[in-house]
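Chemist: 3D, please:
(2 chains)
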Number of protein chains: 2
Amino acid sequence: MDYSTMCPKYEQAIDLLGKKWTGLIIRVLLDGPKRFKDIKAQIPDMSDRILTERMKELEQLQVVRRTVYPEKPTRIEYSLTEKGLALEPVIESIQAWGEKWT
Amino acid sequence: MDYSTMCPKYEQAIDLLGKKWTGLIIRVLLDGPKRFKDIKAQIPDMSDRILTERMKELEQLQVVRRTVYPEKPTRIEYSLTEKGLALEPVIESIQAWGEKWT
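Modeler: Modelled structure (predicted):
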């Protein structure tokens, strides 16, 4: 790969992943659709406000899909889109590096 | 992979990569040893202060090595350590995702 100049597509990708909590949220959603409280359960240090903000950003970027089930009480689930699921190799490579080097 | 619980080693790895500019700095250094100004040239929006801060953090984490050449004027170069070079598959997977999805 050519690393001699910066690549705007890389910049955009790292801009997404390099946002605090986002890399953790995506990892949680790789386990399957989750409710807000299930995501929180795996990332207890993140505030509700920040999680709400991140989920909106990820929805806007079409990485995450929000599905509302018209039950009583209403059930809302978050899941990865195709674009989001395509991040699995990235998450795996970060995991592999973490296991070896941290 | 088991995504049903968070992994501390993953958290540590994403903590490093998920810091603003760090993912860009590592990509630049994959091209080989660089001086401060060469890194800046590829990431012009980053301030000198922040680059200095990030390089200190990356040195402390043993991801980056700082070499001082006793010439006149003194030459200082930054390069990736073995731990830093091991991030290449991560950077590549982010690049691949960026090319397909951004």
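Chemist: And the strands in chain A, which stretches?
Modeler: A:64-69, A:75-80 (DSSP state E).
Chemist: Chain B is nearest to which of those strands?
Modeler: Nearest of those to chain B, taken as C-beta to the nearest C-beta: strand A:75-80 at 10.8 Å. (C-beta placed from N, C-alpha, C; glycine too.)
Chemist: Could you list the alpha-carbon positions for that closest one in CSV?
Modeler: Taking C-alpha atoms only, strand A:75-80 is exported to CSV below (Å, rounded to 0.1, in the frame of the first residue of the first chain):
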residue,chain,number,x,y,z
ARG,A,75,-39.3,-2.1,21.8
ILE,A,76,-36.4,-0.4,20.0
GLU,A,77,-33.5,-2.3,18.7
TYR,A,78,-30.2,-1.2,17.2
SER,A,79,-28.4,-3.4,14.7
LEU,A,80,-25.5,-3.0,12.2
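Chemist: Show me what it is packed up against.
Modeler: If contacts are counted by 3 or more C-beta pairs under 8 Å, 6 or more residues apart in numbering or on different chains; DSSP states H and E, strand A:75-80 sits against helix A:22-29, helix A:36-42, strand A:64-69.
Chemist: Switch those over to CSV; also include mean neighbour count.
Modeler: Listed next are the helices and strands packed on strand A:75-80 as CSV, based on neighbours: other C-beta atoms under 10 Å in any protein chain shown:
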stretch, mean neighbour count
helix A:22-29, 23
helix A:36-42, 15
strand A:64-69, 13
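Chemist: In a markdown table: the ones you listed, plus distance to residue B:72.
Modeler: Formatted as a markdown table, the helices and strands packed on strand A:75-80 follow (distance: least, C-beta to C-beta, whole Å):
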| stretch | distance to residue B:72 |
| --- | --- |
| helix A:22-29 | 44 |
| helix A:36-42 | 55 |
| strand A:64-69 | 55 |
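Chemist: ok, back up a step: who wins for proximity to residue A:29 among the strands of chain A?
Modeler: Each of these has some distance to residue A:29 by C-beta to C-beta; the shortest is strand A:75-80, at 4.9 Å.
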